[in-house]
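> One predicted model, sequence on top.
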Amino acid sequence: MNRPATDFLKIESLMMNGVVFRTIMECLKIKLFDDFEEHFFSSGEYAKKRGFKEQPTTAMLELLTANGLLIKTAEGYTNSRLSSEHMITNAPHYQGSLLKINCHFNESISSNLLTTLKGANDSRENCDESWAMEESIKGSAAHARLGALQDTTEFIYSLPEFPQMRTMCDIGGCHGEFTMALLDKNPTLSGEITDFPEVCEVAAKHIPLHKYQDRITLIPRDLRSEQLSKKHYDLIIASHVLYAFMDKLDEILNMIHNALNSGGWFVTQHMDKNGSLPPDYANTLEFITRMSGYDTHFIDTAELIAKLEKAGFHCPPPASAGYNGIGAIVAGQK
């Protein structure tokens, strides 16, 4: 019998990775990583604590160790630094909500693949509606705190005009993290967050929890069909949202230019087409985005700068954003 000329392990590994991720999600549900934070358990001890059988518990802990989520010492298993930062519920950078909402998106795409290919469902409308979920807002905020929030706000703090800014607008700002960080640094700045009406309803519950309700106004607005007020803002930001307007980007940039006061700034942060994301991750993210009804998830930084300059902006050199520079910050002054 002839041997195959290709290695099937590549496809088989994709199947195995699915098992690993589903196991991680089940561990999040039971708050396993909370248990292992600054505690050590043998597999027998943890099985007894949880009322599990020891043999499958050992297998699970070994799988988590092999994938960098636990470490095994002479004292027993404990969280790796990766899990301590991102997988325990009270951690500042907890990503459980992000993983849950991404699972929701991904499972929807998989289960509706054929109907989407046939054009039998409005994937863009379904995706946009999902942004109004409480878990979506929590997940988006958590993802921003992985580095894009810090890098983008530091960039804005460094603008010479920032201390004199009085009005700002955060396009698609849902969770308000960017606006709140900027208001913290400029006590005379007031913010508007404009987003889908259904998103604003959920965000209206989130903003008061941080005591910013007197300085932040939520404006329900769909900028695909509505306009920003002209000559109204000193600063407009758009973080990880400009890709949603790729089909009418020139029109959106002209509207933003018209909405700024003279000398005002537009700052956007986005996934860079030529960024440092691993190719497998980038290709999968692009597939998810396009199956959700968007043109792309990535923006070519040079092309964006050219469009901003065409709209009348003066653009300084771009900056990197996010862990390992996976994104880009592009800015333009009117």
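Arrived safely. Numbering: from 1, shown residues only.

> what's the spacing between the helix or strand where Thr115 lies and its chain's center?
Here Thr115 sits within helix 113-117, counting by DSSP states H and E. Distance, stretch centre to chain centre, for helix 113-117: 25 Å (C-alpha atoms, centre = their mean, to the nearest Å).

> any idea of the mean pLDDT in it?
Mean pLDDT, helix 113-117: 89.

> in that helix, what counts as buried?
For helix 113-117, a neighbour-count test (16 or more other C-beta atoms under 10 Å) marks Thr116 as buried. For every residue, glycine as well, the C-beta is placed using N, CA and C.

> and the helix or strand encompassing Val202, what does it pack onto?
Secondary structure from DSSP H and E places Val202 in helix 197-206. When contacts are defined as 3 or more C-beta pairs under 8 Å, 6 or more residues apart in numbering; DSSP states H and E, helix 197-206 packs onto helix 134-144, strand 190-195, strand 216-220.

> which of those sits most buried?
strand 190-195 (a mean of 23; mean count of other C-beta atoms under 10 Å).

> Tell me which strands that one pairs with, and in which orientation.
Strand 190-195 pairs in its sheet with strand 167-171 (parallel), strand 216-220 (parallel), by DSSP bridges.

> tell me the average confidence for that strand?
Per-residue scores along strand 190-195 average to 94.

> Whichever strand or helix holds Thr268: how far from the chain's middle?
Per DSSP H and E: Thr268 is located in strand 260-271. Distance of strand 260-271 from its chain centroid, counting by C-alpha atoms, centre = their mean, is 20 Å.

> after it, next one along is what?
The helix or strand immediately downstream of strand 260-271 is helix 279-291, counting by DSSP H and E.

> got a list of what Ser83 touches?
Phe33, Phe36, Glu37, Leu69, Leu70 (C-beta atoms under 8 Å, 6 or more residues apart in numbering).

> Is the first one in a helix, a strand, or coil?
In terms of secondary structure, Phe33 is helix; the call rests on DSSP: H, G, I helix; E, B strand; the rest coil.

> what about the nearest residue to it once chain neighbours are set aside, neighbour count?
Nearest residue to Phe33, sequence neighbours excluded (C-beta to C-beta, 6 or more residues apart in numbering): Met87, at 4.0 Å. By the measure other C-beta atoms under 10 Å, the count of residues near Met87 is 27.

> Does Met87 touch Leu98 like I think?
No. Met87 is beyond contact range of Leu98, at 11.2 Å (criterion: C-beta atoms under 8 Å).

> Show me the shaky parts of the stretch 151-300 of the chain.
Applying pLDDT under 70 to the stretch 151-300 of the chain picks out no residues at all.
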